[in-house]
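Q: got a predicted structure here, sequence first:
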Amino acid sequence: MKLPREFYLRDGLTVARELVGKKLVTNLRDGLTSGIIVETEAYMGKLDAAAHSYRGLTERTKIFYGAGGFVYVYLIYGRNLCTNVVANLVDVPEAVLIRALEPVDGIELMKIRRGKNNLRDLCSGPGKLSQALGVTKDFYGADLCGGEIFIEATDCQLQVAATKRINVDYAGDAANYPWRFVAVGNKFVSK
């Protein structure tokens, strides 16, 4: 069952923690792929120097200023796409980066998209999972309550731990905020 819009209309920290254990799905022309979310990071807008929306509204960050439940995709290191979930209410610019998945459906298609056979290497990082799920720049603004990309509830009962986020050393004190959420002991969490 797809998560309803109301799930996303809450603060980014709550959404980030509660996404761990849910299933991210893409249903594209070449097939359905999915994975259990095992790692996320919250980005808390104007309170968070690591957030893209920290400095305000731009063409790139306009998606943050709408209601939660939409996709924010951006390119990192000039080659990898990162898939994010917009959280909270209109004009509260927060988002959640999906950092890692445990592959579930469409594993053979994921292997083809990634050019990799190692199951642990398919979705153990934000760029990897975006490629494995067929996410492109065209997903910017996609509705998570739609049919192409969505998140489902599961029966997974994972223990979740909070740690500091990865690769945000530029963000001063915000680099140390414990806003990364991981499934404890899961082998698919990013390195």
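A: Yes, it's here. Numbering: from 1, shown residues only.

Q: which residues in the chain form strands?
A: 23-28, 31-43, 71-76, 80-87, 94-105, 149-152, 160-163, 180-183 (DSSP state E).

Q: test my guess that residue 73 contacts residue 131.
A: No - using Cβ atoms under 8 Å, residue 73 is not in contact with residue 131; the gap is 11.9 Å. Every residue, glycine included, has its C-beta placed from N, CA and C.

Q: off-centre distance for the lowest-mean-pLDDT helix or strand in the chain?
A: Ranking every helix and strand in the chain by mean pLDDT, DSSP states H and E puts strand 71-76 at the bottom, with a mean of 93. Distance of strand 71-76 from the chain centroid (Cα atoms, centre = their mean, to the nearest Å) equals 10 Å.

Q: cool, stretch 138-154 as well?
A: Distance, centroid of stretch 138-154 to centroid of chain: 11 Å (Cα atoms, centre = their mean).

Q: now the residue lying closest to residue 86 once chain neighbours are set aside: how far from residue 155?
A: Leaving aside its chain neighbours, residue 86 sits nearest to residue 70 (4.7 Å; criterion: Cβ to Cβ, 6 or more residues apart in numbering). As judged by Cβ to Cβ, to the nearest Å, residue 70 and residue 155 stand 26 Å apart.

Q: then residue 81?
A: 29 Å.

Q: which of those two has more residues huddled nearby?
A: Higher neighbour count among residue 81 and residue 155: residue 81, with 19 against 5, using other Cβ atoms under 10 Å.

Q: rewinding a little: my read: the residue nearest to residue 86 touches residue 88, true?
A: No - applying Cβ under 8 Å, one finds residue 70 not in contact with residue 88, separated by 11.4 Å.

Q: report the buried residues of stretch 44-58.
A: 44, 45, 48, 49, 50, 51, 52, 53, 54 (16 or more other Cβ atoms under 10 Å).

Q: let me redo that: stretch 157-165
A: 158, 160, 165.

Q: and for stretch 47-62, what's in contact with it?
A: Residues outside stretch 47-62 that contact it (Cβ atoms under 8 Å, 6 or more residues apart in numbering): 43-46, 64-65, 74, 93-95, 165, 168, 170-175, 177, 179.

Q: straight-line length of that stretch, end to end?
A: Terminal residues of stretch 47-62 lie 17 Å apart, using Cα to Cα, to the nearest Å.

Q: same check, this time on stretch 66-77
A: Stretch 66-77: ends 26 Å apart by Cα to Cα.

Q: and the residue nearest to residue 16 when sequence neighbours are not counted, bridged to which residues?
A: Once flanking residues are discounted, residue 16 sits nearest to residue 42: 3.8 Å by Cβ to Cβ, 6+ apart. Under DSSP bridges, the beta-bridge partners of residue 42 are residue 96.
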